[in-house]
Structure formats: C-alpha cells, structure tokens
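A.B. asks: One predicted model, sequence on top.
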Amino acid sequence: MSALSEVARLAIELCARASVTPDDGGCQQLVGERLARAGFTIERIDAGGVSNLWAWHGSVGPVFAFLGHTDVVPAGDAAAWTSPPFVPSQRDGLLYARGAADMKGSVAAMVLALETLVAEHPAHAGVVGLLLTSDEEGDAIHGIRHVVDEFLRRGQRIDYCMVGEPSSEQSLADRIRIGRRGSLHGHLRVRGVQGHVAYPEKALNPIHAAAPALAELAARRWDDGDAHFPPTGFQVSNIHGGSGAFNVIPADLRVDFNFRFGTATSAEELMRASEAVLVRHGLDYRIDWDLSGAPFLTADGVLRDATLATLRAHGIGQTIADTGGGTSDGRFIATLGSEIVELGPVNASIHKIDEHVRLADLDALAGIYRDIAEHVLLAVRVAEAG
C-alpha cells in the first residue's frame, strides 16, 4: 500500500465495501468526511433506503459538478473470480474488484481532483461539487431522480456536469459521451380466450393474435436517426403466455419491449405509432408505458471545449465524442438544463467476473478531472469579468 498513489488508496477503500445496489456500504460517509476536511459543505439527500450525497465548495456563480454512484451490481459467482470481488487485488498494474471500473475508480479520482483544486484555488470562481447516489444500478427512483426533483424545488442549479461513467473503449479517454439516447419501456398485455388446444374455434389464442403485430413492430424502421443519434431501435425483452400446460390455449399474453431513441422521433410519437399497430391488428390489449429517460445532447460549449482542450493537454488527441451506450444518471441532470459530458475508465470489464481498472488510468483521470474543472472555472471567471 505504501507505494500506491492517493487515488489508488481511496479506490481500494471504496472497492472493499460491498455496496450492492441500493446499499452504499459506508462509501459516501468516507467520501463526505474527506471532503468536509477539505472545506466542502456536505448534505445528505437520502430517500427510500437510498443514500445520496451532495458536497460543494463555493457559494456564488455557475455550478460545476461531478456525478457518480457508489453502488455496484452483484458480483455473481464469487468462486469464479480470480480473487474475491470485494477484496481488492492488484496484479500487473490493474486493480481487480467489483466496482473498480464502474465506478468507484472514477469516484476516487473525482474526490482527489476536488481536494487538489480547492487546495490550489481556495477562492475559485463559481461552485464546484460532487453528487453521489447508491441507486444508479437499481431502480433509479430514489437516487439522482429524487435529488433533481429536490434541486428543482429549491432552485439549485448545475450548469456543468462531468459524469464518471466508464466511457473509454481501448484506452483512457479514447471515447467520451456527449449525450444519451432516450429509453421507453412498453408493458403490453393482450387478452384472449382460454380453451383446449383441440378446440381452437372455441377459444382465442392471444399469442397467435399478437404475433403479426409484434413482427410488424420489430421490422419497422422508425426513423433514420440524425447527425448525433442512430436510428430508433425496438427490442422485445420478455414474453410470456400460458400456464405451462401443453394442451391449454392461454388466456393472455404479456410482452415487455423497449425503444432506444434519439431526437428524430419523440416518445409520444413512438407510443402513438405503436398503439396504432396494435389497434390495426384488432388486439384486445392494455399497455403501460414507462419513460425512464429522454434523450439529451450537449452541444458545443464550455464543458465540451474544456474537456477536449484538457485531453489534448494530457496528450490524448484522438477522442470520439458520441451518444452511444445505455442510459446514465445524466438523463436526470439534463432536466436542469446542464451541459453534460461523460468521461471515465475503460469499460471492457464492467459488470463482468474479474472487473478491473488500470491504476495508472486512475492517476491520470484525477489530473484530467481537476484540469477540466479548473478550465471551466477559468471560463466562468473570464465571462464574469467580461
């Protein structure tokens, strides 16, 4: 441990805590105590068994915030790990542990970045902060969604938000996210008439009735996407009909499906078009919709400029900025009108057995995070002076 950097030490401390969502495992208390010693104000915004921490430094001006989560997905079969998932292990310059890459390594880098920044610039312009939740990997109801509702109620702003999700593909910062697709879930129930399979004329098979409609939904090209988002995608994730008896036509069919969509087609348009297909096929149905996040995009501006300039200064010249991947808690922050960029470690091992992160990347990430924040605050000071 003596040869490890400060960011590596903190990452190891965090990874040693088995914080499977929505359990925080004391991670936020550890972070809060560190940042309090550095002069930050600490606020807990817990709800519904979820831990949420908001730490900030400064009092006036635009707000730059780091966003992260301290919860992790389950480790799976612990015996399949080379070393225990919640006993951090170092091998060949890599830190192995559940959450090392997603995203306790990023959280450690953010903490060190903030400590360094305020030590060097105690009278910095604007406000810098860190927002953490233990509900990113779970239902995401009482985490950042709840915090944003509270921020809207009180008028708290976040102007610039750096999300620590593991965005990199092959090497650190070779890819950043400047937006995310929206996610719309459909929960469909098609009603039929139960009966004996030998007497189909006396029943109505909801599976047979729904199959052509589902085939049409799956085959349809919803849009062509645009410059920043790919075409809308439709996928069935669950389907169930019947009681398991081989000789009974089921009474109903239940189907779960999902749209991942950009800005070419709205959620409302997708819902209307889907239900039009169901009606045209004459289905007796009920559908419940769940919009878990709208698409968002950060156009050219202060945060994107600061991120790319900082990466170039750190010798990273080839960075792809896109909107790929799944959803993140950035979708909730976007409702505050924030500029959002996601930048974190290599994502090849996240949610897998033997999840790991390069220790050298964590050191580099702490410096990159600090310099991005400084770059943004300098832009804020220049704007205020001008």
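C.D. replies: Nice, thanks for sending it over.
A.B. asks: ranges for the strands of the stretch 251-386 of the chain?
C.D. replies: Ranges of strands within the stretch 251-386 of the chain are 252-261, 285-293, 296-297, 320-322, 339-342, 356-358, based on DSSP state E, counting those that start in this stretch.
A.B. asks: Tell me which residue is most central in this structure.
C.D. replies: Ser328 (1.8 Å; Cα atoms, centre = their mean).
A.B. asks: contacting residues around that one?
C.D. replies: Neighbouring residues of Ser328 by Cβ atoms under 8 Å, 6 or more residues apart in numbering: 136, 163, 165, 177, 180, 342. From N, CA and C alone the C-beta is placed, and that goes for glycine too.
A.B. asks: so where does the closest residue to Gly126 other than its chain neighbours fall, helix or strand?
C.D. replies: Distances taken as Cβ to Cβ, 6 or more residues apart in numbering place Gly61 nearest to Gly126, at 3.7 Å, with adjacent residues excluded. Taking DSSP states H and E as the definition, Gly61 sits outside all helices and strands.
A.B. asks: now swap in Gly32 and tell me
C.D. replies: Secondary structure (DSSP H and E) places Gly32 in helix 27-37.
A.B. asks: And the pLDDT for Gln318?
C.D. replies: pLDDT, Gln318: 91.
A.B. asks: My guess is Gly99 contacts Ala75. True?
C.D. replies: No - the criterion here is Cβ atoms under 8 Å, and Gly99 misses it with Ala75 at 9.3 Å.
A.B. asks: who has more neighbours, those two?
C.D. replies: Higher neighbour count among Gly99 and Ala75: Gly99, with 32 against 18, using other Cβ atoms under 10 Å.
A.B. asks: wait, what's in contact with the more buried one?
C.D. replies: When contacts are taken as Cβ under 8 Å, 6+ apart, Gly99 is in contact with 14-15, 19, 72, 355.
A.B. asks: Please identify which of those is nearest to Ile249.
C.D. replies: Closest approach between the contacts of Gly99 and Ile249, by Cβ to Cβ: Val72, at 44.1 Å.
A.B. asks: Give me the spatial nearest neighbour of the closest one, chain neighbours excluded.
C.D. replies: Distance criterion Cβ to Cβ, 6+ apart; nearest residue to Val72, sequence neighbours excluded, is Gly99 at 3.8 Å.
A.B. asks: which residues in the stretch 151-300 of the chain form helices?
C.D. replies: In the stretch 151-300 of the chain, the helices defined using DSSP state H, counting those that start in this stretch lie at 206-219, 267-280.
A.B. asks: Would you list the buried entries among the contacts of Gly99?
C.D. replies: Buried members of the contacts of Gly99, scored by 16 or more other Cβ atoms under 10 Å, are 14-15, 19, 72, 355.
A.B. asks: From those residues, pick the one nearest Val50.
C.D. replies: Relative to Val50, the closest of the buried ones among the contacts of Gly99 is Ser19; by Cβ to Cβ it sits at 11.5 Å.
A.B. asks: Who are the contact partners of that closest one?
C.D. replies: 25-27, 70-72, 99, 134.
A.B. asks: again, only this time at 7 Å
C.D. replies: 25, 27, 70-72, 134 (Cβ atoms under 7 Å, 6 or more residues apart in numbering).
A.B. asks: In ChimeraX, how would I select just the buried ones from those?
C.D. replies: Buried residues within the contacts of Ser19, by 16+ other Cβ under 10 Å, are selected in ChimeraX with:
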select :25,27,70,71,72,134
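A.B. asks: quick one: which of the contacts of Ser19 sit in helices?
C.D. replies: Per DSSP state H, helices hold the following members of the contacts of Ser19: Cys27.
A.B. asks: just curious, which of the contacts of Ser19 is nearest to Ser5?
C.D. replies: Cys27 (19.0 Å).
A.B. asks: what about the closest residue to the closest one other than its chain neighbours, distance to Asn205?
C.D. replies: Leaving aside its sequence neighbours, Cys27 sits nearest to Thr70 (Cβ to Cβ, 6+ apart; 3.8 Å). As judged by Cβ to Cβ, to the nearest Å, Thr70 and Asn205 stand 48 Å apart.
A.B. asks: quick one: which of the contacts of Gly99 is nearest to Ser106?
C.D. replies: The nearest member of the contacts of Gly99 to Ser106, counting by Cβ to Cβ, is Leu14 at 10.2 Å.
A.B. asks: That closest one is in contact with Lys104, isn't it?
C.D. replies: Yes - between Leu14 and Lys104 there is a contact under Cβ atoms under 7 Å: 4.1 Å.
A.B. asks: Could you confirm Phe66 falls within a helix?
C.D. replies: No - assigned with DSSP: H, G, I helix; E, B strand; the rest coil, Phe66 falls outside any helix and is strand.
A.B. asks: any idea how far it is from Leu343?
C.D. replies: 10 Å.
A.B. asks: now do Leu270
C.D. replies: For Leu270, the distance to Leu343 - Cβ to Cβ - is 30 Å.
A.B. asks: now Asp226
C.D. replies: 23 Å.
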